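[1] Requesting a structural model of the entry that follows:
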Amino acid sequence: MLSKRFLPAFFILCVLLVGCAFATSSEQPKDEVLPNPPGAIGASSVLNIAVQDVSIVDPANADAPLYAVLLAVGEEKQLGVVVSPDNATNPRVTWASSNESVVRVHQTGLLEARAEGDARITATSQENAGISEYCDVYVANAPVAVTEVKIDRSEIGILSGYTDELTASVLPPHADLRHISWHSSNPEIVAIDPTMRTGNRTRLLTAGLYKGTAIISAVSNYGGTRGGERKFATCTVRHYVEGPRSTEGGCSAGSTSGLLALFLLAPLLLFLKR
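    Okay, here's the model as predicted:
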C-alpha cells in the first residue's frame with residue numbers, strides 16, 4: 001500500500017518541476033526588433049561606397065603589398081592594385097612614373113624598364129586624389145638576387161596589449177635589392193606597425209585586437225628574374241589573454257534558476273522529514 005505521504009509529496013514535486021521549467025524559459029533572451037534609425041537608407045537607395053585605401057601588389061601574391069622592384073634594362077613587369085574596401089563604387093586608379101625615361105608605366109600597371117636609374121611609380125585613386133600608394137623601381141644590369149630571407153624567431157607569444165619586434169635578414173649579403181616588406185595573415189589578431197611595414201625590423205601590435213594566432217611574413221621585394229619567386233620567411237605569433245575570464249558577482253549564468261529550484265525544494269524536504 002502506498003504511503004499516505006506519497007501523493008502530497010508527488011504533488012509538490014510536480015509543482016517544483018513546473019516552476020523550474022517556467023523560470024528557465026523566462027530567462028531565455030528574446031529577439032528584439034529595433035526600428036530603423038531616422039534617415040535610414042532603404043534597400044532601393046543607391047549607396048556610394050568610398051575608397052579608403054590603395055595598395056600596390058604583385059599579381060602573383062596579392063596579399064603582400066609591394067614597395068620596391070628591381071628590373072634589368074629592357075625587362076617588363078606587371079603590377080597589380082588592391083583597393084579597399086573591395087566593394088568600392090569606383091575602384092579605378094591612375095598610374096604615373098616620376099621618371100618616364102627610366103621606367104614607363106602603362107595604365108594597366110605594366111612597367112617597362114628603359115634605362116639604368118630609379119623611378120617612383122604611383123597608383124592614385126580616381127575617386128579621391130588624396131589616396132595613393134607608391135612603389136620604387138630600380139633599373140640595373142645583372143642584379144644580384146636575394147636567395148633567402150630569415151627571421152630571428154620562428155614562433156613567439158604576445159600578451160594582449162603588449163608589443164614585440166621581429167628582425168629579418170636577406171642572403172646573400174651583397175644582394176642588390178635588400179628591401180623587405182612585412183605582412184600579417186590576420187591583422188585583426190596581430191597587426192603590423194604601419195610606420196615599420198618595410199625594412200629589416202618591424203613592430204607587432206595587439207592592443208584592441210582579438211586573441212588567436214597569426215602568421216607574420218617577411219617578404220623580399222625582388223624575385224631575381226623575370227617571374228622569379230619572391231623569397232620570404234614566416235613567424236607564428238600567438239596573441240593571448242592571461243588568466244580565466246571572471247564572472248560578475250561570483251555566480252555563473254543560470255544561477256537564478258538554481259536558486260529558485262532550491263527555494264521551491266525546501267518545503268518538500270521539510271515535509272518528508274516530518
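
[2] Give me the sheet partners of the host helix or strand of Asp118 and which way each runs.
    Assigned by DSSP states H and E, Asp118 belongs to strand 117-125. Its sheet considered, strand 117-125 pairs with strand 93-97 (antiparallel), strand 132-139 (antiparallel) by DSSP bridges.

[3] Most tightly packed of those?
    strand 132-139 (a mean of 20; mean count of other Cβ atoms under 10 Å). C-beta: built from backbone N, CA, C; applies to glycine.

[4] Quick check: which helices or strands does the helix or strand that that one is followed by pack against?
    Once strand 132-139 ends, the next helix or strand along the chain (criterion: DSSP H and E) is strand 148-151. Helices and strands touching strand 148-151, as assessed by 3 or more Cβ pairs under 8 Å, 6 or more residues apart in numbering; DSSP states H and E, comprise strand 163-171, strand 212-220, strand 232-240.

[5] Could you tell me which ranges of the protein sit under the pLDDT cut-off?
    1-46, 142-143, 223-228, 243-274 (pLDDT under 70).

[6] Show me the domain layout of it.
    53-139, 148-240 (automatic domain parsing).

[7] Select, out of these, the one closest to Leu47.
    domain 53-139 (7.7 Å; Cβ to Cβ).

[8] Would you mind giving the domains of the chain as JSON lines with distance to Leu47 added?
    Formatted as JSON lines, these follow (distance: least, Cβ to Cβ, whole Å):
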{"stretch": "domain 53-139", "distance to Leu47": "8"}
{"stretch": "domain 148-240", "distance to Leu47": "24"}
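
[9] Quick check: Val137 vs Arg197, distance?
    For Val137, the distance to Arg197 (Cβ to Cβ, to the nearest Å) stands at 18 Å.

[10] For Ala218, which residues count as its bridge partners?
    Note on Ala218: beta-bridge partners Trp182, Ala233, judged by DSSP bridges.

[11] got a list of what it touches?
    149, 151, 166, 168, 180-182, 202, 232-235 (Cβ atoms under 8 Å, 6 or more residues apart in numbering).

[12] Then Ile192?
    So Ile192 contacts 182-184, 202-205, 216 (Cβ under 8 Å, 6+ apart).

[13] If we use 6 Å, what do you get?
    182, 184, 202 (Cβ atoms under 6 Å, 6 or more residues apart in numbering).

[14] List only those of those flagged as buried.
    Buried members of the contacts of Ile192, counted by 16 or more other Cβ atoms under 10 Å: 182, 184, 202.

[15] what sits against Thr147?
    Contacts of Thr147 (Cβ under 6 Å, 6+ apart): Leu171.

[16] er, Ile56 actually
    66, 79, 81, 123, 133, 135.

[17] So the third one is in contact with Arg92, correct?
    No - in this structure, Val81 sits apart from Arg92 without contact. The criterion is Cβ atoms under 6 Å, and the distance is 9.2 Å.

[18] out of these two, which sits in the busier spot?
    Neighbour totals were compared for Val81 and Arg92, and Val81 leads with 19 against 12 (other Cβ atoms under 10 Å).

[19] other SSEs contacting the helix or strand harbouring the more buried one?
    Taking DSSP H and E as the criterion, Val81 maps to strand 80-84. If you count contacts as 3 or more Cβ pairs under 6 Å, 6 or more residues apart in numbering; DSSP states H and E, strand 80-84 packs onto strand 53-58.

[20] contacts for the next helix or strand after the strand it packs on?
    Counting by DSSP H and E, the next helix or strand C-terminal to strand 53-58 is strand 61-65. With contacts defined as Cβ under 6 Å, 6+ apart, strand 61-65 is touched by 55, 181, 183, 219.
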